[in-house]
Every structure is written in structure tokens, then in C-alpha cells.
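Predicted structure and sequence below. I'll ask about it afterward.
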Amino acid sequence: QVQLVESGGDLVQPGGSLRLSCAASGSIESIYTMGWYRQAPGKQRELVARITSGGGTNYADSVRGRFTVSRDTAKSTVYLQMNSLKPEDTAVYSCMMLIVVQGRFGAQNYWGQGTQVTVSS
């Protein structure tokens, strides 16, 4: 009933920039928190950044000052602007949204399929 589709992952050189997008579709009543997570090979998935429905944000220490999360609630879309990319940012990036589905009670987490970001020269 709800689908999240990411785009924007790519191969980029160190110091470069990328912008990820994640759009939700389906029978959506409302969306609360939107966020980005990443998982590098051999590592656990970690929170990168998230943004509440009120616009409050928080970031992982490793990306603060380089990445910016934003949202367009009318488009059910969350963005991640990534600047000054480093090789250690290489990972599969997945979006997450806390969504209330039409006709249902309560919110649930929904995940995108992930998009690969590779930072290498």
C-alpha cells in the first residue's frame, strides 16, 4: 500500500557532492519523521540524518556540517544533500518514513530499497 523509492546514488570522487531523494506513494494519511540510514559492508546500519514533521533535524556526528536533510511534505519526499564526500561515506543509503496509512490506526515505519553511494577516486 505504501512504497518508498530512492534515487540519486552514484559514484563520486572525494570532495564531491550528491543529492539523494526518496518519494513515498500510496494510501498515505500523514507522514511524521523522515530519515536516512546507511549501511557499509561489514558494518551495522546507522542513522545518518532525520527530520521531524515540525522541521527539527538531527545528524550523525560523522556527517554534521557536510550533509543536510530536508523534506517536501506536500510531495511526500525527503532529500539528503551530501557535500564534501569522503571514502568512508561509501554505503547503501536507505530512507525511512513514519507513516499513517489511510483507514488504519497508528503509524508504522516504511523503508526504501536503498541506493548505492560510492566515494572513490
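That came through, no problem. Residues are numbered from 1 along each chain as shown.

what's the closest non-adjacent residue to the most far-flung residue of the chain relative to its centre?
Centroid-distance maximum for the chain: Gly103 at 26.0 Å, with CA atoms, centre = their mean. Spatial nearest neighbour of Gly103, chain neighbours left out: Ser27 (7.2 Å); criterion: CB to CB, 6 or more residues apart in numbering. All C-beta atoms are positioned from the backbone trio N, CA, C, and that covers glycine.

What of Val63?
Val48 (5.8 Å).

do the same with Ser25
Counting by CB to CB, 6+ apart, Ser25 lies nearest to Gln3, which is 5.2 Å off, once chain neighbours are set aside.

strand partners of the strand or helix carrying the one you found, parallel vs antiparallel please.
Using DSSP states H and E, Gln3 sits within strand 2-7. Sheet pairing of strand 2-7 (DSSP bridges) gives strand 18-26 (antiparallel).

beta partners for the spatially most central residue of the chain?
Closest to where the C-alpha atoms of the chain average out (CA atoms, centre = their mean) is Trp36, at 2.7 Å. Counting by DSSP bridges, Trp36 is bridged to Ala49, Cys95.

Correct me if wrong: it contacts Cys95.
Yes. Judged on CB atoms under 8 Å, Trp36 makes contact with Cys95 at a distance of 5.7 Å.

Quickly list what's touching both of these two.
20, 22, 78 (CB atoms under 8 Å, 6 or more residues apart in numbering).

Can you tell me which of these has the most neighbours?
Neighbour counts for those, by other CB atoms under 10 Å, peak at Val78, which reaches 29 neighbours.

what's the distance between that one and Thr90?
Plainly put, Val78 is 21 Å away from Thr90 if you go by CB to CB, to the nearest Å.

Ser70 now?
Distance check for Ser70 against Thr90: by CB to CB, it reads 23 Å.

Ser21 too?
19 Å.

What of Phe67?
Counting by CB to CB, the gap from Phe67 to Thr90 is 14 Å.

Comparing the two, which residue is more hemmed in?
Using other CB under 10 Å as the criterion, Phe67 and Thr90 rank with Phe67 on top: 21 against 17.
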